[in-house]
Each structure stands twice: as structure tokens, then as C-alpha cells.
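Participant: Test case, fold it:
(one chain, ligands or ions: 1)
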Amino acid sequence: MSEHRSVSQFREYNRCPQAYYLKRVVRAWERPAAWLPQGTAVHAAAEQWEKSGRLMPLMEAEKVFRLAYAESVDALSEVTPRHDFWMSSGRFKGREDIHRRFDMGLAQVGAYVDYYTRIAPEEVVWTPPGAGPIIEHEFSLDLDGVLVKGFIDLAVYRPKSGLVVRDLKTGTDPGDDFQLVVYVVALQDEFDVSIAGGDYMMIRRTKPTEPFRPKPTRVFDLSAWPRTRLVDEFGLLDESIRAEKFDPKPDKATCTRCPVRAECSFAA
Ligand code: SF4
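Facilitator: Numbers count the residues shown, from 1 in each chain. Modelled structure (predicted):
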């Protein structure tokens, strides 16, 4: 079990095995996008704010965001200094999008703090007996010999639902529950506790002129996902990667946003 698997490996491989190969095996150049620093920096600010027991002043959380955003943009710029080579987001070209997403991320940090202090303060972070609060919690899940590792953003009590795992999203709705299932099984294994399900905390702009409105999505019903299904899914992923099955899956929508498209000869 030397090489571990993760939810992001699972997603990337299933989207296009060739993209997985170019990114993780060849380590080909990846076209950066400003939504990456935005996501990283909002997560960093949320994590620090949660770890302060939700006592950190908003200005401090914004400072964490600013620093993390700058660090992330700098790191990506070291490899790709020409921002006109970065991905566009709709009509916004790379350079413009970097500035735009700084403002968006900063507003999302404010919305995050506002949600838990004013809108839903009853949604408190879960602290398992004998452990620290589940904030950016590192887990290691053994699925019949395939080791799956990752981090869980939060586990919170949700009124009427109970204990749920929660993943913070700064972009569009992920549309599936796979990630949440992995987190639920991982926490249940580690702490021998019953978890009601999982949700996504969506922080996004409803209209360009209105403030962000964070909202947890519905609690996903994870009963269709017994542990054996996860064992099968990750077992197949592990087997396919070890067998070097990296067939391309060209598709216009996927290829357009593919970060290794420039290195691929199968792009749709
Ligand atoms: S451009 Fe399309 S086919 Fe090529 S690696 Fe990316 S997603 Fe796969």
C-alpha cells in the first residue's frame, strides 16, 4: 500500500484517464486558472477562522485570504508568468480574472463568517471524544488494501439532520455525492460514530450585483453507497492506474477546461 489514492485522483481519472496520465505521470505543463488561488485562499481563511473557535475578527480572516491568494498566484506565476496564457473564465481573460477573483474570494470570506455568526450559529463544529474538532481533518482510509487519503473540511451538526460532513465549494455545484460518501465512511471508521450524511457549503454569487449567499445544499442520502461500493470503485481505479490504462476520453466540454490540453493530441 505504498501509493495512496484520493477523491481528486478518482475524479480526474474518471473525467479523462489521459489527462490523469499527462498531469500525474508525465507532469506536463498545466494551464493555470484564477479559480484555483481563489479556492485555496478561501479555504485557508475558513480553516483559520474555524480553528480560532470562530473568534477571529473578520479582518484577520481577510488577511489570511489575501496572503494565501498572493502566495498561490505567485507560485502559479513562477511557472506561467504570462497571465494571458492563463485560462479565461467566460468573458474574463486570465489577467482580469486574477483581479476579479481576488474580490470574489474576499467577499466569500465575509459571507462565510456571516453565515456561521449570524445566519446559522447553531451549526457548530463536531469534536469527537478524545480528539480535536473536525476542521481540515486529515484521514487515511483502508479499503481492502487500497489506501485512500484526504482532508475533510468540516463535520457539523445540522438542525433536523444531525451530524454531517461538509465540504466548502467556492465554484459551481459539484452535482454528485461521491466525495461526501468517502468522508462519511472515513469518519465512521475512525471514530465509530453514526453520521447522517453530507452536504456542500456553496458560497457563490447569485447575481453580479448582489452579495454572496452561502447555503448548504440538501443533506445527501448516502444509503445507496455501502462501503463495498467504495471498495469496488477505488479497487478498479487502483487496478487501472497500475495497469497503465490511460485511454483518452475526448469531449468538447471536458477538453475545453482541461489544464493539460496543450500537451494532448486527442483533444476534442
Ligand atoms: S484534452 Fe481532452 S482528451 Fe486530452 S487529456 Fe484533456 S480531457 Fe483528455
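Participant: in what helix or strand does residue 71 lie?
Facilitator: Element membership for residue 71, per DSSP states H and E: helix 58-79.
Participant: Following element in sequence after that helix, please.
Facilitator: Past helix 58-79, the next helix or strand by DSSP H and E is helix 94-114.
Participant: what's the angle from that following helix to helix 58-79?
Facilitator: 150 degrees (axes from the mean of the first three to the mean of the last three Cα atoms, to 10 degrees).
Participant: Which secondary structure elements does helix 94-114 sit against?
Facilitator: helix 35-51, helix 58-79 (3 or more Cβ pairs under 8 Å, 6 or more residues apart in numbering; DSSP states H and E). Where you see a C-beta, it was placed from the backbone N, CA and C, and this is true even at glycine.
Participant: Can you point out the buried residues in it?
Facilitator: Within helix 94-114, the residues scored as buried using 16 or more other Cβ atoms under 10 Å are 94, 96-98, 101-102, 104-114.
Participant: what distance separates it from the centre of its chain?
Facilitator: 16 Å (Cα atoms, centre = their mean, to the nearest Å).
Participant: List of residues touching that helix?
Facilitator: 32-35, 37-38, 41-42, 45-46, 49, 58, 61-62, 65-66, 69, 73, 83-89, 92, 168, 170, 201, 203, 205, 211-214 (Cβ atoms under 8 Å, 6 or more residues apart in numbering).
Participant: The residues you listed: which ones sit near the ligand?
Facilitator: Restricting the contacts of helix 94-114 to those touching the ligand (Cβ under 6 Å from any ligand atom) yields no residues.
Participant: ranking the helices and strands packed on helix 94-114 by burial, who's on top?
Facilitator: helix 35-51 (a mean of 22; mean count of other Cβ atoms under 10 Å).
Participant: helices or strands up against it?
Facilitator: Going by 3+ Cβ pairs under 8 Å, 6+ apart, helix 35-51 lies up against helix 58-79, helix 94-114, strand 135-143, strand 146-158, strand 162-169.
Participant: Adding mean pLDDT as columns, could you present these in CSV?
Facilitator: Shown next, in CSV, are the helices and strands packed on helix 35-51 (pLDDT from 0 to 100):
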stretch, mean pLDDT
helix 58-79, 98
helix 94-114, 94
strand 135-143, 96
strand 146-158, 96
strand 162-169, 94
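Participant: closest to residue 122 out of the ones you listed?
Facilitator: Of all the helices and strands packed on helix 35-51, strand 146-158 sits nearest to residue 122, with 7.5 Å by Cβ to Cβ.
Participant: List the buried residues of the closest one.
Facilitator: 146-148, 150, 152-156, 158.
Participant: is it possible to export the residues you listed to a markdown table including distance to residue 188?
Facilitator: Converted to a markdown table, these look like this (distance: Cβ to Cβ, whole Å):
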| residue | distance to residue 188 |
| --- | --- |
| 146 | 17 |
| 147 | 17 |
| 148 | 14 |
| 150 | 15 |
| 152 | 12 |
| 153 | 17 |
| 154 | 16 |
| 155 | 11 |
| 156 | 16 |
| 158 | 17 |
